[in-house]
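K.L.:
Sequence and predicted structure below; questions after.
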Amino acid sequence: MPGMKLAGNIFLVGLMGAGKTTVGRTLARHTGKQFFDSDHEIEKRTGVRITTIFDIEGEQRFRERERDTIAELCAMDNIVLATGGGAILAPENRQMLRRHGTVIYLRARIDDILARTLHDKSRPLLQTGNPRARLEELFAQRDPLYREIADLIIDTSHQNVNVLIARLEQQLAEAAARPTSN
Ligand SMILES: Nc1ncnc2c1ncn2[C@@H]1O[C@H](COP(=O)(O)OP(=O)(O)OP(=O)(O)O)[C@@H](O)[C@H]1O
Ligand SMILES: O=C(O)C1=C[C@@H](O)[C@@H](O)[C@H](O)C1
Ligand SMILES: [Mg+2]
């Protein structure tokens, strides 16, 4: 729904391969907001890929970089932000995202995520012998956290990206028209 008006920031959360980057770019174009991706910002700042940060510094240091980056991006206005899949692990990030914008949880089935990420080596947490088991663990741990902060939950399975975005924009417009309940 190009031209739709929805004030403020929109934050996309969800597992790797849920479509945050893909959906976020288009949503930003349709809403006239600036698009950011926290993973890309971290890569820009460090000058290296996420996998390299994991290899050299470890996941914990990556999470610190991610926290700093999320805090800076949350201080902006009128942006669409695709967050890293694990950004919601830190309670500070969850609080920050809730406070500073509308949070959309893109929910995907494990089978879809496996298919979408099969040939992509850029996600260090999936470079294991059994990516399905890893994804099941991540889903069990994170689904409640994504839900905890979500204003909207969108199921992305069996959805062509364009249809998905149209539905998402319709729900956002409906949510914006409703009196706030929280
Ligand atoms: N609804 C969809 N249907 C089919 N393919 C999709 C859909 N959404 C995204 N994809 C494809 O899945 C892949 C992963 O999408 P994307 O990179 O946007 O996910 P992400 O949530 O940003 O992942 P990450 O957390 O790892 O950055 C891309 O190749 C994208 O084209
Ligand atoms: O799910 C995760 O923990 C991650 C997802 C990606 O977006 C990257 O932030 C990184 O690969 C870690
Ligand atoms: Mg992404």
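P.N.:
Nice, thanks for sending it over. All figures in this text were calculated on a predicted structure; none of them were measured in a lab. Ligands and ions are numbered 1, 2, ... in the order given.
K.L.:
Please, where are all the helices along this protein?
P.N.:
According to DSSP state H, the chain carries its helices in the segments 20-31, 38-46, 50-57, 59-74, 91-100, 110-117, 131-149, 161-177.
K.L.:
Deepest-packed of the ones you listed, please.
P.N.:
Compared across the helices of the chain, helix 20-31 shows the largest average neighbour count, a mean of 20 (mean count of other CB atoms under 10 Å). Every C-beta, even on glycine, is put in place using the N, C-alpha and C of the backbone.
K.L.:
Return the alpha-carbon coordinates of that helix using CSV.
P.N.:
What follows is helix 20-31 as a C-alpha-only set of coordinates in CSV (Å, rounded to 0.1, in the frame of the first residue of the first chain):
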residue,chain,number,x,y,z
LYS,A,20,13.4,-9.3,7.8
THR,A,21,15.9,-7.7,5.3
THR,A,22,13.8,-8.5,2.2
VAL,A,23,10.5,-7.3,3.7
GLY,A,24,12.1,-4.4,5.4
ARG,A,25,13.6,-2.8,2.3
THR,A,26,10.3,-2.9,0.5
LEU,A,27,8.3,-1.7,3.5
ALA,A,28,10.7,1.3,3.8
ARG,A,29,10.2,2.2,0.2
HIS,A,30,6.4,2.1,0.5
THR,A,31,6.3,4.1,3.7
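K.L.:
want to try JSON lines for the helices of the chain, with mean pLDDT as columns?
P.N.:
What follows is the helices of the chain, written out as JSON lines (pLDDT from 0 to 100):
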{"stretch": "helix 20-31", "mean pLDDT": "95"}
{"stretch": "helix 38-46", "mean pLDDT": "97"}
{"stretch": "helix 50-57", "mean pLDDT": "96"}
{"stretch": "helix 59-74", "mean pLDDT": "98"}
{"stretch": "helix 91-100", "mean pLDDT": "97"}
{"stretch": "helix 110-117", "mean pLDDT": "91"}
{"stretch": "helix 131-149", "mean pLDDT": "96"}
{"stretch": "helix 161-177", "mean pLDDT": "89"}
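K.L.:
any chance of these in CSV, with distance to ligand 3 too?
P.N.:
Listed next are the helices of the chain as CSV, based on distance: least, CB to the ion, whole Å:
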stretch, distance to ligand 3
helix 20-31, 3
helix 38-46, 6
helix 50-57, 10
helix 59-74, 13
helix 91-100, 15
helix 110-117, 11
helix 131-149, 15
helix 161-177, 13
